[in-house]
Every structure is written in C-alpha cells, then in structure tokens.
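Asks: return atomic coordinates for the entry below.
(chains A and B)
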Amino acid sequence: DTEVTQTPKHLVMGMTNKKSLKCEQHMGHRAMYWYKQKAKKPPELMFVYSYEKLSINESVPSRFSPECPNSSLLNLHLHALQPEDSALYLCASSQDFGTGGNEKLFFGSGTQLSVL
Amino acid sequence: AQSVTQLDSQVPVFEEAPVELRCNYSSSVSVYLFWYVQYPNQGLQLLLKYLSGSTLVKGINGFEAEFNKSQTSFHLRKPSVHISDTAEYFCAVSRTSGGYQKVTFGIGTKLQVIP
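Replies: Model prediction:
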C-alpha cells in the first residue's frame, strides 16, 4: 500500500462551524505533513509531525489545530475559519524526517475546502 | 534561504512534440532537486529527483531532467508528449534545515497538450 488517503474529498463549511480533515497512511512512514494550496499556487507547508510529535508549525493561525493520534493518522481540526482559508489541503508523508533533505514525499489527493 | 523559479506559467505543446519545462534554483548550500506532477483534482506525485551522481536523471512516464550546477538549473524534458501529460508540474528544492527537511516548491508550470 503506497497511498496516502484523505477524507473528505470536498468540504463546505460556514465560518462558525467546526470540522476535521483526516489523513491516513500505512507505509510505516514516521513523518507526516499538512500543506495548503491556493488555486494556481504551489503547496505551502503548514505543519510537520515526526514520530507523532509536532515538529514544525509554520506560523499557522490557531484556528487550524493538528493532531496525530498514532503513527498512521493525522487530523486537522478546523474552527472559525475565514473565507480566505478556502484552499486545497494536502496531506503528505515521508519515510523519515531530517535525514538529509532527500526524502520523497507521498501526497494524498487533498481535501478541497470552501469556507462560506 | 532557497528559492525556485519556474519561468513559464503555462506551456502549450502539440501531441507527440517534445517539451522542456524550465526550472532555476538558488541556495547558499547544497540542495536536492525534485519534479512533482499534479493531475487535476489530485495530490502531487514524484516524477524524478536528483540527489547526486549523474546529472541526467530519468523519471516515470518518459520524463528526464538534467542538473546543471553552473547554471543552477534543473529543466524537465520529454521527447514526445501525450494527451495524458496535461497537468501542473512543480519543481522543488529540498535541504535539511533546523533538523528537518525543508521543501520549497516553484509556482508551477501548466503543461497543456494539444491534440
């Protein structure tokens, strides 16, 4: 299994809603990532988890809250989002983290989020 | 700091014609170089990567790229494109920074194959 699975594929939410994005991989990877991709832009790193611990938070607003319940799962909890948060949210994983920068990233298909 | 420049935002090309997607990078330290492809409504998929050794790297789907250190370039090529190659292509550089892998993506080049 070489897949990163993200659910849901599409999500529409209001600014007062609370929702969660889910990501799962069964490749035994120890690093997992959340990226945000606006239309016609490259992915931007949000968070990195290494061995189930939050290693990197790229100054993301607190309305985004990541969680790594175990080595295979990564969640992104959303609360009180703004319309400008509408984007494609991509989850990725890699075998390890900080081993020289040459790790291949495996990406999920993403969750297309629309905030109304 | 590291950065990636993809000079062409959109490249139209006829089916079975060759194509080159340009990528230039800058970094004060050694980096690793990658090309990722993103099909519509999909995540990114690795096409190929350059870590060291031979400067000509072959990837999936018939793509190849050449690392040129003096010109700080890593252009992607395919001798004959197919309709199914229509997608967004991202060049990326990666290095270890503060103990983790920092990946910087270019803005992407949309390859449009015309039948």
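Asks: interface residues of chain B facing chain A?
Replies: Taking CB under 8 Å from any CB of the partner chain, the part of chain B that reaches chain A is made up of B:31-32, B:34, B:36, B:41-46, B:49, B:51, B:90, B:94-97, B:99-103, B:105-108. Just so you know, the C-beta spots here come from the backbone N, C-alpha and C atoms, and that holds for glycine as well.
Asks: and the next helix or strand past the lowest-mean-pLDDT helix or strand in chain A?
Replies: Scoring the helices and strands of chain A by mean pLDDT, DSSP states H and E places strand A:53-57 at the bottom, with a mean of 86. Per DSSP states H and E, strand A:53-57 leads on to strand A:64-70 as the next helix or strand towards the C-terminus.
Asks: what distance separates that next one from the centre of its chain?
Replies: 9 Å (CA atoms, centre = their mean, to the nearest Å).
Asks: helix or strand right after it?
Replies: Towards the C-terminus, the helix or strand next in line after strand A:64-70, according to DSSP H and E, is strand A:73-79.
Asks: surely residue A:44 and residue A:37 touch.
Replies: Yes: under the criterion of CB atoms under 8 Å, residue A:44 makes contact with residue A:37 at 7.1 Å.
Asks: still on that earlier bit, buried ones among the residues of chain B next to chain A?
Replies: Buried positions within those, assessed by neighbour count (16 or more other CB atoms under 10 Å in any protein chain shown), are B:31-32, B:34, B:36, B:42-44, B:46, B:49, B:90, B:94-96, B:100-103, B:105-106, B:108.
Asks: can you classify the residue nearest the centre of chain A by secondary structure?
Replies: With distances taken as CA atoms, centre = their mean, the residue of chain A nearest its centroid is residue A:34 (2.6 Å). The three-state label given to residue A:34 by DSSP: H, G, I helix; E, B strand; the rest coil is strand.
Asks: I'd guessed it sits against residue A:76; true?
Replies: Yes: the pair residue A:34 / residue A:76 is scored as a contact, 5.5 Å apart, by CB under 8 Å.
Asks: anything in contact with each of the two?
Replies: Common neighbours of residue A:34 and residue A:76, using CB atoms under 8 Å, 6 or more residues apart in numbering or on different chains, are A:23, A:47, A:66, A:89.
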